[in-house]
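Colleague: this one's structure only:
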Ligand code: ATP
Ligand code: ATP
Ligand code: MG
Ligand code: MG
Ligand code: MG
Ligand code: MG
């Protein structure tokens with residue numbers, strides 16, 4: 001095609017190719033979901049609304065299925081991280097393509113699937129998500145990144161669990177609950193939960209304490225198929241087994257070695 005005299009403006013575009021052989025992580029996060037924001041306006045159950053967590057995971061599954069080369073994802077609260085394979089050549093490794101495709105696919109999915117999770121709770125306005133991209137050159141860096149997010153999930157969830165117990169069960173104002181928890185260590189928070197609310201934090205749902213890990217797994221699907229052989233007069237039903245790879249959610253520890261030993265293929269490619 002003939003080039004116009006305006007073509008030169010393309011040269012103003014910056015090169016944002018991701019360094020080869022690095023894990024490419026895109027993390028997104030809901031805009032203003034906290035105090036006075038989206039979660040309160042949509043009456044999220046505090047501290048953990050299952051509908052919201054499950055919708056986030058549905059959107060993340062959609063991202064993994066629609067886009068290329070995502071090896072693993074991890075989510076908690078209003079955030080999700082997506083890890084692209086270090087050898088990915090998708091969009092010539094352009095950072096802006098990775099980030100914008102992840103965030104826009106996620107955001108449109110959030111709106112598209114909202115009603116499947118929130119039923120009669122109306123979506124009041126279009127939510128937004130921010131995105132960032134970070135490269136990790138070693139497997140250890142990547143594992144530490146994911147450990148960091150899961151540790152964050154644990155710290156916040158322990159705090160939020162006690163905080164909301166103090167507000168909902170003991171009738172403290174948010175300010176009083178915050179003051180009560182000022183300077184407390186994890187052990188103190190566990191103790192408050194146990195002695196005042198008879199809650200053993202370790203028995204709280206894994207999805208709240210560990211967040212959600214999404215990985216690809218081979219699933220054997222058995223289905224019946226109708227076939228008609230030329231010599232037969234009628235169609236026959238036969239069982240066939242197909243192996244498909246599916247995105248499956250786990251709520252497990254990813255800080256220790258066990259997870260990585262159980263699923264070595266995640267880091268292998
Ligand atoms: P920013 O725009 O800077 O991200 P934010 O208000 O979204 O601001 P975050 O640090 O991302 O701040 O915090 C998200 C907040 O959203 C949580 O602290 C919590 O209050 C709320 N939230 C997110 N997911 C849930 C959920 N499943 N159930 C209840 N509350 C949630
Ligand atoms: P990519 O993912 O690389 O952007 P693409 O198929 O979206 O691939 P574009 O170069 O963005 O490629 O082209 C968008 C195409 O979408 C147009 O060429 C046209 O065929 C179609 N399209 C977009 N808007 C309209 C519209 N308003 N009416 C009809 N067709 C449209
Ligand atoms: Mg934030
Ligand atoms: Mg947020
Ligand atoms: Mg957040
Ligand atoms: Mg296009």
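Modeller: Looks like it arrived, so ask away. Just so it is clear, the structure is predicted and the values come from calculations on it, not from any experiment. Ligands and ions are numbered 1, 2, ... in the order given.
Colleague: so which strand or helix has the residue in the chain that ligand 1 sits nearest to?
Modeller: At 2.9 Å from ligand 1, residue 34 is the closest residue in the chain, using C-beta to the nearest ligand atom. Where C-beta positions appear, they are placed from N, C-alpha and C, glycine not excepted. Of the helices and strands defined by DSSP states H and E, none includes residue 34.
Colleague: Up against ligand 5, what does this protein have?
Modeller: Counting by C-beta under 5 Å from the ion, the residues of the chain close to ligand 5 are 29, 77-79.
Colleague: Tell me the residues of the protein that contact ligand 4?
Modeller: Counting by C-beta under 5 Å from the ion, the chain sits next to ligand 4 at 29-30, 33, 78.
Colleague: can you count the residues close to the residue in the stretch 51-200 of the chain that ligand 4 sits nearest to?
Modeller: Across the stretch 51-200 of the chain, no residue is closer to ligand 4 than residue 78, which sits at 4.4 Å (C-beta to the ion). By the criterion of other C-beta atoms under 10 Å, residue 78 has 21 neighbours.
Colleague: go on, residue 106?
Modeller: 23.
Colleague: swap in residue 40?
Modeller: With other C-beta under 10 Å as criterion, residue 40 counts 12.
Colleague: thinking again about what came up before, what subset of the residues of the chain next to ligand 4 is buried?
Modeller: Using 16 or more other C-beta atoms under 10 Å as the burial test, those include 29-30, 33, 78 as buried.
Colleague: from those, which ones fall inside helices?
Modeller: Using DSSP state H, no member of those falls in helices.
Colleague: what does the stretch 51-200 of the chain put close to ligand 1?
Modeller: 52-53, 77-78 (C-beta under 6 Å from any ligand atom).
Colleague: if we can go back for a sec, give me the nearest residue to the residue of the stretch 51-200 of the chain closest to ligand 4, chain neighbours excluded.
Modeller: Take residue 78 and drop its neighbours on the chain: the residue closest to it by C-beta to C-beta, 6 or more residues apart in numbering is residue 30, 3.3 Å away.
Colleague: Please read off the pLDDT at that neighbour from the model.
Modeller: Note for residue 30: predicted pLDDT of 98.
Colleague: same question, the one 3 residues further on
Modeller: With respect to pLDDT, residue 33 scores 98.
Colleague: For residue 212, the count of nearby residues, please.
Modeller: Counted with other C-beta under 10 Å, the neighbours of residue 212 add up to 22.
Colleague: from what I can see it touches residue 72, true?
Modeller: No. Using C-beta atoms under 8 Å, residue 212 makes no contact with residue 72, being 11.2 Å away.
Colleague: tell me the contacts of residue 252?
Modeller: Going by C-beta atoms under 8 Å, 6 or more residues apart in numbering, residue 252 touches 206, 210, 213, 259.
Colleague: Quick one: mark the members of these that sit in strands.
Modeller: Mapping the contacts of residue 252 onto strands (DSSP state E) picks out residue 213.
Colleague: between the contacts of residue 252, which is closest to ligand 5?
Modeller: Ligand 5 lies nearest to residue 210 out of those, by C-beta to the ion, at 16.3 Å.
Colleague: what's the spacing between that closest one and residue 251?
Modeller: 5 Å (C-beta to C-beta, to the nearest Å).
Colleague: Comparing these two, which residue is more hemmed in?
Modeller: Neighbour count, other C-beta under 10 Å: between residue 210 and residue 251, residue 210 has more, with 20 against 13.
Colleague: hmm, back to that, show me the residues of the chain next to ligand 4 that map onto strands.
Modeller: Checked against DSSP E, the residues of the chain next to ligand 4 include these in strands: 29-30.
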